[in-house]
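Student: Based on what follows, work out the 3D shape:
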Amino acid sequence: MKKLLSLILLLAVIAAGYFAWNYFNSSDATVGFASGNGRVEAVQVDVSTKIAGRVEAIYAQEGDLVQQGQTIAKIDTKQLHAQLLRYQADVAAAQSQVASANAGIAQAKAEKLLAEQELARAKQLIKQNNISKETLDTRESNVAVAIANVEAAEALKVSRMRSVDAAKAVVEEIQTQIDDATLISPTIGRVLYRLAEPGEVLGSGGTVITLINLSDVYMEIFLPTAQAHRVEMGAEARVKLDVLDIAIPATVSYVSPESQFTPKQVETATEREKLMFRIKVRIPQALVLKHIEKVKTGVRGVAYIRLNTLDGEPLADWPEFLQKLPEETPSNDKSAR
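Tutor: The predicted structure follows:
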């Protein structure tokens, strides 16, 4: 009989402990908050070629952390450099033709000046009847021809200058292709996949490396209408990961403007039948960069969002299990409560 009473007492203690834990870690302890399951995510970024060519070198391995602007691969540019030299020679030749056109203009203007001087003398001489009318007409004709020659020389210069511009445009295009042959990281991130190797020939747009963009780390959760309408952009949030005993501060960076059915992996079949609103909470970039070597995507956890209050009521205090933050996280009265 004593053993039975002891067993009943033990079960009662266990039950009381369970309900107490459930109270302080779930519903009543999180009044004024919304929560949802999710996992740490980041956008995947493909680093791809702009030009077709042979991969000369790749400077990153899978798992490497790369910085924004870091060179991670190069495409062979020997053929492009040869083309660049040829078109640079074309630019020089076109520029020499412009110089020749300038000389032609100077010569045409000198001939025009001489013709105008001869015409002026002829007009004086004809007044004295020292030359014939035919000679005067010849001098006037020479001036008209000289003027036409100047105009033709100037038009030739314009044409040759356009040839210089066209040759320079080709040189700039080739130089751009050479610059594009050096692939740089568009953001700080970790190499997820290395999809090519040196010596492979890739077409334009071929992906060389896929990165995880660690400058924007977030978690997506789904909330029902009753909670979603009380969530605003910039609202405070905290993320509790399964693998950590601390809460990670975050802010709401996206609230879906329309409802949707939750994805298959979120909850049970019953939950998937409900229309929910997608919410994204973003972990501060400064905090991510502080622990960049430890950041892993795919880690599961729960995101808690502090809801707006109704009728001017004070904001709810953060539950005790969400008050332990990373040591370097700046604290203030509003966020700590």
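
Student: nearest spatial neighbour of the residue most central in space within the chain, skipping sequence neighbours?
Tutor: Centroid-nearest residue in the chain: P186, 6.3 Å away (criterion: CA atoms, centre = their mean). Spatial nearest neighbour of P186, chain neighbours left out: V45 (6.2 Å); criterion: CB to CB, 6 or more residues apart in numbering. The way it works is simple: take the backbone N, C-alpha and C, and place the C-beta from them, glycine included.

Student: per-residue confidence at that neighbour?
Tutor: V45 carries a pLDDT value of 94.

Student: again with A15
Tutor: A15 is given a pLDDT of 52.

Student: Tell me where this protein has helices.
Tutor: 2-25, 78-127, 133-180, 225-228, 269-272, 285-290, 333-336 (DSSP state H).

Student: Need those helices in JSON lines (columns: mean neighbour count and distance to Q70).
Tutor: JSON lines is the format used below for these (neighbours: other CB atoms under 10 Å; distance: least, CB to CB, whole Å):
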{"stretch": "helix 2-25", "mean neighbour count": "10", "distance to Q70": "44"}
{"stretch": "helix 78-127", "mean neighbour count": "15", "distance to Q70": "23"}
{"stretch": "helix 133-180", "mean neighbour count": "15", "distance to Q70": "16"}
{"stretch": "helix 225-228", "mean neighbour count": "14", "distance to Q70": "40"}
{"stretch": "helix 269-272", "mean neighbour count": "10", "distance to Q70": "42"}
{"stretch": "helix 285-290", "mean neighbour count": "14", "distance to Q70": "15"}
{"stretch": "helix 333-336", "mean neighbour count": "10", "distance to Q70": "34"}
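
Student: follow-up on the earlier one: return the distance of the residue nearest to the centre of the chain relative to E293.
Tutor: Note on P186: its distance to E293, by CB to CB, to the nearest Å, is 21 Å.

Student: Could you do A103 as well?
Tutor: Counting by CB to CB, the gap from A103 to E293 is 67 Å.

Student: next one: E173
Tutor: 41 Å.

Student: One more: N142?
Tutor: The value you get for N142 to E293, if CB to CB is used, is 86 Å.

Student: Ok, L84 next?
Tutor: 41 Å.

Student: Please apply the same query to S185.
Tutor: Noted for S185: a distance of 17 Å to E293, by CB to CB.

Student: More neighbours: which of those two?
Tutor: Ranked by neighbour count (other CB atoms under 10 Å), S185 and E293 place S185 first, with 21 against 7.

Student: The more buried one reaches D64, doesn't it?
Tutor: No: taking CB atoms under 8 Å as the definition, S185 is not a contact partner of D64, at 10.1 Å.

Student: Kindly state the beta-bridge partners for G38.
Tutor: Taking DSSP bridges as the rule, G38 bridges to G301.
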